[in-house]
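>>> Need a 3D model of the following:
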Amino acid sequence: MATSAIIKPIVSKLYCSASQIVLIVRRRPHVVSGGGLVITDCSQKTIFRVDDCGTLGTKGQLILRDAEGEHVLLIRRKEGMFQALSIHRQWKGYMVDYEGAEKLVFSLKEPHLCVVKNNSIKVNIGSKRCSINKDWDFEVRGSFPDKACTIIDSAGNTVAQVGVRKEQQLMVVSKDLYQVVVQPGFDQAFVFGVIAVLDNIYDESTCC
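I've put the predicted structure just below:
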(Lines give C-alpha, C1' and ligand atoms only; values in the text may rest on other atoms or scores of the structure.)
Protein backbone atom coordinates (compact mmCIF):
# COMPACT_ATOMS: atom_id res chain seq x y z
CA MET A 1 0.00 0.00 0.00
CA ALA A 2 1.35 3.46 -0.95
CA THR A 3 2.12 5.81 1.91
CA SER A 4 0.41 9.20 1.75
CA ALA A 5 2.71 12.20 1.51
CA ILE A 6 3.12 14.23 4.68
CA ILE A 7 1.78 17.72 3.95
CA LYS A 8 4.23 20.41 5.07
CA PRO A 9 2.55 23.81 4.66
CA ILE A 10 4.64 26.95 5.08
CA VAL A 11 2.33 29.43 3.37
CA SER A 12 -0.80 27.25 3.23
CA LYS A 13 -1.80 23.62 2.77
CA LEU A 14 -3.74 24.86 -0.28
CA TYR A 15 -0.39 24.98 -2.08
CA CYS A 16 0.70 21.47 -1.09
CA SER A 17 0.07 18.44 -3.28
CA ALA A 18 0.03 14.79 -2.23
CA SER A 19 1.90 13.93 -5.44
CA GLN A 20 4.93 15.28 -7.25
CA ILE A 21 4.09 18.25 -9.43
CA VAL A 22 5.96 19.71 -12.41
CA LEU A 23 5.49 23.43 -13.02
CA ILE A 24 6.82 25.52 -15.88
CA VAL A 25 8.39 28.95 -15.33
CA ARG A 26 8.32 31.53 -18.11
CA ARG A 27 10.13 34.84 -17.79
CA ARG A 28 8.17 37.86 -18.93
CA PRO A 29 10.23 40.23 -21.09
CA HIS A 30 11.28 43.58 -19.65
CA VAL A 31 8.94 46.27 -20.93
CA VAL A 32 7.91 49.68 -19.64
CA SER A 33 5.69 48.06 -17.01
CA GLY A 34 8.41 45.63 -15.87
CA GLY A 35 9.16 41.93 -16.25
CA GLY A 36 8.40 39.11 -13.83
CA LEU A 37 7.55 35.42 -13.99
CA VAL A 38 4.55 33.31 -14.95
CA ILE A 39 4.27 29.81 -13.49
CA THR A 40 1.99 27.29 -15.22
CA ASP A 41 1.22 23.60 -15.00
CA CYS A 42 1.85 21.21 -17.89
CA SER A 43 -1.52 22.12 -19.43
CA GLN A 44 -0.47 25.82 -19.48
CA LYS A 45 -2.89 26.79 -16.72
CA THR A 46 -1.47 29.69 -14.68
CA ILE A 47 -0.74 28.71 -11.07
CA PHE A 48 1.30 31.71 -9.87
CA ARG A 49 2.87 34.85 -11.21
CA VAL A 50 5.57 37.11 -9.86
CA ASP A 51 5.39 40.89 -10.25
CA ASP A 52 8.72 42.68 -10.06
CA CYS A 53 9.82 46.13 -8.93
CA GLY A 54 9.27 47.53 -12.45
CA THR A 55 5.61 46.56 -12.28
CA LEU A 56 5.24 47.62 -8.65
CA GLY A 57 7.31 50.79 -8.89
CA THR A 58 9.24 49.88 -5.72
CA LYS A 59 12.85 48.74 -5.91
CA GLY A 60 13.74 45.62 -3.94
CA GLN A 61 10.15 44.39 -3.75
CA LEU A 62 8.39 41.42 -5.38
CA ILE A 63 4.87 40.01 -5.12
CA LEU A 64 3.89 36.38 -5.63
CA ARG A 65 0.25 36.17 -6.78
CA ASP A 66 -2.06 33.22 -7.29
CA ALA A 67 -3.94 32.36 -10.49
CA GLU A 68 -6.65 34.94 -9.68
CA GLY A 69 -4.10 37.69 -9.09
CA GLU A 70 -4.49 37.72 -5.31
CA HIS A 71 -1.43 38.38 -3.13
CA VAL A 72 0.19 35.23 -1.76
CA LEU A 73 3.55 36.64 -0.62
CA LEU A 74 5.02 40.12 -0.36
CA ILE A 75 8.80 39.82 -0.66
CA ARG A 76 11.20 42.64 0.26
CA ARG A 77 14.95 43.10 0.28
CA LYS A 78 16.07 44.60 3.57
CA GLU A 79 17.89 47.90 3.09
CA GLY A 80 19.76 50.32 5.32
CA MET A 81 23.26 50.99 6.66
CA PHE A 82 23.41 47.72 8.62
CA GLN A 83 22.70 45.74 5.46
CA ALA A 84 25.27 47.72 3.50
CA LEU A 85 27.96 46.72 6.02
CA SER A 86 26.81 43.10 6.38
CA ILE A 87 28.38 40.22 4.44
CA HIS A 88 24.85 39.18 3.53
CA ARG A 89 21.88 41.05 2.16
CA GLN A 90 18.59 39.74 3.43
CA TRP A 91 15.23 39.15 1.79
CA LYS A 92 12.03 38.55 3.74
CA GLY A 93 8.75 37.06 2.52
CA TYR A 94 5.49 37.98 4.25
CA MET A 95 1.85 36.97 4.17
CA VAL A 96 -0.43 40.02 4.38
CA ASP A 97 -3.94 39.72 5.81
CA TYR A 98 -7.01 41.73 4.80
CA GLU A 99 -6.20 44.37 7.42
CA GLY A 100 -2.68 44.84 6.06
CA ALA A 101 -0.91 43.08 8.93
CA GLU A 102 2.27 41.27 7.85
CA LYS A 103 3.37 37.82 9.04
CA LEU A 104 6.94 36.75 8.35
CA VAL A 105 7.05 33.51 6.35
CA PHE A 106 10.70 33.18 5.40
CA SER A 107 14.00 35.02 5.30
CA LEU A 108 16.78 34.39 2.80
CA LYS A 109 20.41 35.47 3.05
CA GLU A 110 21.89 36.73 -0.20
CA PRO A 111 25.70 36.56 -0.15
CA HIS A 112 27.53 39.52 -1.66
CA LEU A 113 29.65 36.93 -3.44
CA CYS A 114 26.61 35.45 -5.18
CA VAL A 115 28.40 35.73 -8.52
CA VAL A 116 29.96 32.41 -7.51
CA LYS A 117 27.43 30.12 -9.17
CA ASN A 118 27.59 27.25 -6.70
CA ASN A 119 27.52 29.35 -3.54
CA SER A 120 24.71 27.84 -1.45
CA ILE A 121 21.96 30.11 -0.18
CA LYS A 122 20.31 29.64 3.20
CA VAL A 123 16.60 30.09 3.98
CA ASN A 124 14.91 30.21 7.40
CA ILE A 125 11.23 29.93 8.22
CA GLY A 126 9.40 32.52 10.32
CA SER A 127 11.17 34.47 13.03
CA LYS A 128 12.88 31.42 14.57
CA ARG A 129 14.78 28.48 13.12
CA CYS A 130 12.86 25.23 12.79
CA SER A 131 16.02 23.10 12.62
CA ILE A 132 17.82 22.34 15.87
CA ASN A 133 20.89 20.89 14.15
CA LYS A 134 21.68 23.57 11.57
CA ASP A 135 21.58 27.37 11.34
CA TRP A 136 19.18 27.11 8.38
CA ASP A 137 15.87 25.39 7.59
CA PHE A 138 16.29 25.17 3.81
CA GLU A 139 19.24 25.51 1.47
CA VAL A 140 19.56 26.16 -2.26
CA ARG A 141 22.41 24.12 -3.77
CA GLY A 142 23.74 24.20 -7.30
CA SER A 143 23.58 26.81 -10.03
CA PHE A 144 20.35 28.75 -10.48
CA PRO A 145 21.70 30.69 -13.51
CA ASP A 146 22.34 27.34 -15.23
CA LYS A 147 18.90 26.10 -14.16
CA ALA A 148 20.51 23.22 -12.28
CA CYS A 149 19.84 23.62 -8.58
CA THR A 150 17.98 21.95 -5.75
CA ILE A 151 16.17 23.21 -2.65
CA ILE A 152 16.67 20.85 0.29
CA ASP A 153 15.43 20.93 3.87
CA SER A 154 17.63 20.66 6.96
CA ALA A 155 17.06 16.90 7.09
CA GLY A 156 18.53 16.54 3.60
CA ASN A 157 15.21 15.90 1.84
CA THR A 158 14.78 17.28 -1.66
CA VAL A 159 12.00 19.88 -1.71
CA ALA A 160 12.20 21.08 -5.31
CA GLN A 161 14.50 20.85 -8.31
CA VAL A 162 15.05 23.56 -10.90
CA GLY A 163 16.02 22.13 -14.27
CA VAL A 164 15.78 22.15 -18.02
CA ARG A 165 12.62 20.79 -19.61
CA LYS A 166 13.04 17.44 -21.40
CA GLU A 167 12.18 18.92 -24.77
CA GLN A 168 15.01 21.47 -24.31
CA GLN A 169 17.75 18.98 -23.52
CA LEU A 170 18.75 18.49 -27.16
CA MET A 171 18.43 22.16 -27.97
CA VAL A 172 20.06 25.39 -26.85
CA VAL A 173 18.92 25.97 -23.27
CA SER A 174 16.73 29.06 -22.89
CA LYS A 175 16.78 30.91 -19.59
CA ASP A 176 13.30 32.17 -20.40
CA LEU A 177 11.66 28.77 -19.93
CA TYR A 178 12.48 26.09 -17.37
CA GLN A 179 10.76 23.62 -15.06
CA VAL A 180 10.51 23.21 -11.32
CA VAL A 181 9.68 19.78 -9.88
CA VAL A 182 8.13 20.10 -6.41
CA GLN A 183 8.15 16.93 -4.33
CA PRO A 184 4.96 15.59 -2.63
CA GLY A 185 3.80 17.43 0.47
CA PHE A 186 5.96 20.54 0.06
CA ASP A 187 4.56 24.07 -0.23
CA GLN A 188 4.66 25.32 -3.83
CA ALA A 189 4.04 28.95 -2.84
CA PHE A 190 7.10 28.89 -0.57
CA VAL A 191 9.19 27.29 -3.35
CA PHE A 192 8.25 30.00 -5.85
CA GLY A 193 8.77 32.74 -3.30
CA VAL A 194 12.36 31.51 -3.01
CA ILE A 195 12.69 31.21 -6.81
CA ALA A 196 11.44 34.79 -7.22
CA VAL A 197 14.28 35.97 -4.97
CA LEU A 198 16.85 33.83 -6.80
CA ASP A 199 15.70 35.33 -10.10
CA ASN A 200 16.29 38.81 -8.71
CA ILE A 201 19.64 37.97 -7.11
CA TYR A 202 21.00 36.72 -10.41
CA ASP A 203 19.75 39.74 -12.41
CA GLU A 204 17.14 37.90 -14.41
CA SER A 205 13.54 38.86 -15.21
CA THR A 206 12.54 40.39 -11.85
CA CYS A 207 15.65 42.57 -11.51
CA CYS A 208 15.11 46.29 -12.22
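>>> Just confirm residue 196 is within a helix.
Yes - secondary structure assignment (DSSP: H, G, I helix; E, B strand; the rest coil) places residue 196 inside a helix.
>>> For it, which non-adjacent residue is spatially closest?
Distance criterion CB to CB, 6 or more residues apart in numbering; nearest residue to residue 196, sequence neighbours excluded, is residue 50 at 4.5 Å. Where you see a C-beta, it was placed from the backbone N, CA and C, and this is true even at glycine.
>>> Might you report the residue contacts of the one you found?
Contacts were defined as CB atoms under 8 Å, 6 or more residues apart in numbering; by that measure residue 50 touches 36, 37, 38, 39, 62, 63, 64, 65, 192, 196, 199, 206.
>>> Show me which helix or strand of the chain is least confident by mean pLDDT.
With mean pLDDT, DSSP states H and E as the measure, the helix or strand of the chain carrying the lowest mean pLDDT is helix 81-85 (a mean of 47).
>>> Next SSE downstream of that helix?
Later in the chain than helix 81-85, the nearest helix or strand by DSSP states H and E is strand 88-96.
>>> Now that next one: buried residues?
Along strand 88-96, the positions that meet the burial threshold by neighbour count (16 or more other CB atoms under 10 Å) are 88, 89, 90, 91, 92, 93, 94, 95.
>>> what sits opposite the second one in the beta ladder?
When you say that, I think you mean residue 89. Beta-bridge partners for residue 89, by DSSP bridges, are residue 110.
>>> looking at it, residue 72 is touching residue 64, isn't it?
Yes - with the criterion set as CB atoms under 8 Å, residue 72 and residue 64 qualify as a contacting pair; they are 4.7 Å apart.
>>> Report the set of residues contacting both of these two.
The contact sets of residue 72 and residue 64 overlap at 48, 189, 193 (CB under 8 Å, 6+ apart).
>>> ok, now which ones touch the second one?
In other words, residue 189. Residues touching residue 189, when contacts are defined by CB under 8 Å, 6+ apart, comprise 10, 11, 12, 15, 48, 64, 72, 73.
>>> Residue 134: what's it in contact with?
Here residue 134 is in contact with residue 154 (CB under 8 Å, 6+ apart).
>>> I'd like to know how far it sits from residue 184.
Remark: distance between residue 134 and residue 184 (CB to CB, to the nearest Å) = 23 Å.
>>> How about residue 195?
In this structure, residue 195 lies at 18 Å from residue 184, with CB to CB as the measure.
>>> how about the helices of the chain, start to end?
Chain-ordered helices for the chain, with DSSP state H as the definition, fall at 53-56, 81-85, 188-201.
>>> need the least confident one among those helices, by mean pLDDT.
Taking the average pLDDT of each of the helices of the chain, the minimum falls on helix 81-85, with a mean of 47.
>>> Surely residue 103 and residue 95 touch.
Yes - Residue 103 sits in contact with residue 95 when judged by CB under 8 Å, with a separation of 4.7 Å.
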